[in-house]
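**Q** Give me a 3D structure for the following:
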Amino acid sequence: MDYPEYKEIIFTKGAGIGRITLNRPEHLNAFTRVMSSEIDDVFHRIKRDGDVKVVVIKGAGGAFTTGGDVGGVGEGDEERRGAAEPNPFVRVPSPRTGYATSDPVIWERNSVLTQLYRWYDLFWDLPQAVIAQVHGWCVITGLEFAMHCDLVIAAENARFHNRYIHGGGRLYTMWPLLIGMRMSKELLLTQRNFSGKEAAEWGMVNRAVPADRLEAEVNQLAADIAKQPLEIIALNKWSVNKFYEAMGLRQALEWSGDIHAHAHLSTPNLAMENLWHEKGYHEGVRTRDAQFPAAWEERRT
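**A** Got it, this is the predicted structure:
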């Protein structure tokens, strides 16, 4: 299988292991349209590549990923957006594109479901096992991204941030199954940060290790998986996935889109977006987060 030279990710393979590095370290590996399209491309190639049995995803520099690059347009995005595309933070008037109707409820619902189903296709239905190697910040959409991987190994001092940019509405679809109802509600209601060590204690990630051991730990895990035949890896992975689908995971995904749409069109959210429009994105976020210090304070043990 041939792979092109990508612009915002790096892909290498050998000994049955494919390695994807999110490569925008100067922007903490925030997703752009370019990076997202490259992730799609590499996974579609991996899906047909019998030489790859396990995939490792990590971030270059100081973070795994801070999620979507909403604070600015990534290089190469200007041409894709076009000069006439509206500011995504301005609700009225803001015609939506890409669907038969621009009604904001339908647009918001379809927008989030398109993304979540995309990750389902990339990770959940992939024959190969996928390991997320998390260090530094793992934020919002990046946290959802990691949760869709089969296995997650985190540095003990990794920092997870779950305050969705519009203030709420997105259930990180795997949380109730991974960490239970009580912990899911606590994290969603307080929206506080938490560490890799805490995530491991709750069962959100497989384990957390000291940062200087993270690479070696992931390499060993990937090598152990790569010893197995790809057919057995795929069947074992899918047997677990189908169990959770039978418990209603895909239905919960649908509800996530509905709740997301309601959250985006709620009165508090519309007021916050107007604030962003008036003050600029960064100042608007600072004003918002000043109201919720618990989301940023360090957890003391």
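**Q** any low-confidence regions in the protein?
**A** Residue ranges of the chain with pLDDT under 70: 70-103, 163-173, 281-282, 285, 289, 291-301.
**Q** R19 should be in a strand, yeah?
**A** Yes - according to DSSP: H, G, I helix; E, B strand; the rest coil, R19 belongs to a strand.
**Q** For it, which residues are in contact?
**A** Applying CB atoms under 8 Å, 6 or more residues apart in numbering, we find R19 in contact with 10-13, 55-56, 58. All C-beta atoms are positioned from the backbone trio N, CA, C, and that covers glycine.
**Q** Of those residues - the most surrounded one?
**A** Highest neighbour count within the contacts of R19: V55, with 27 neighbours (other CB atoms under 10 Å).
**Q** so what's the backbone phi/psi at it?
**A** phi -120, psi 130 (degrees, to the nearest 10).
**Q** thought it was touching Q128?
**A** Yes - between V55 and Q128 there is a contact at 5.4 Å, judged by CB atoms under 8 Å.
**Q** Return every residue with contacts to both of the two.
**A** 18, 46.
**Q** And the contacts of R19, which is closest to Q228?
**A** Lowest distance from Q228 to these (CB to CB) belongs to V55, with 14.2 Å.
**Q** check contacts around the closest one.
**A** Listed by CB under 8 Å, 6+ apart, the contact partners of V55 are 17-20, 43, 46, 126, 128-131.
**Q** where does the nearest residue to G18 once chain neighbours are set aside fall, helix, sheet strand or coil?
**A** Excluding the flanking residues, the one nearest G18 by CB to CB, 6 or more residues apart in numbering is V52, at 4.2 Å. Under three-state DSSP, V52 falls in the coil class.
**Q** give me the number of residues near V52?
**A** 23.
**Q** Can you give me the distance of it to P127?
**A** Going from V52 to P127 by CB to CB, to the nearest Å gives 9 Å.
**Q** Give the buried residues for stretch 58-65.
**A** Residues of stretch 58-65 classed as buried by neighbour count (16 or more other CB atoms under 10 Å): 58-61, 63-65.
**Q** swap in stretch 148-165?
**A** Buried residues in stretch 148-165, counted by 16+ other CB under 10 Å: 148-156, 158-165.
**Q** Filter those down to just the ones in strands.
**A** 151-155, 159-161 (DSSP state E).
**Q** Would you state the strands of the stretch 1-150 of the chain in chain order?
**A** Along the stretch 1-150 of the chain, counting by DSSP state E, counting those that start in this stretch, strands occupy 9-14, 17-22, 54-59, 129-134, 137-139.
**Q** Now distance to P229 too, for the ones you listed, in TSV please.
**A** Output for these, formatted as TSV (distance: least, CB to CB, whole Å):
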stretch	distance to P229
strand 9-14	17
strand 17-22	15
strand 54-59	12
strand 129-134	12
strand 137-139	32
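**Q** Which one of these lies nearest to R109?
**A** strand 137-139 (23.0 Å).
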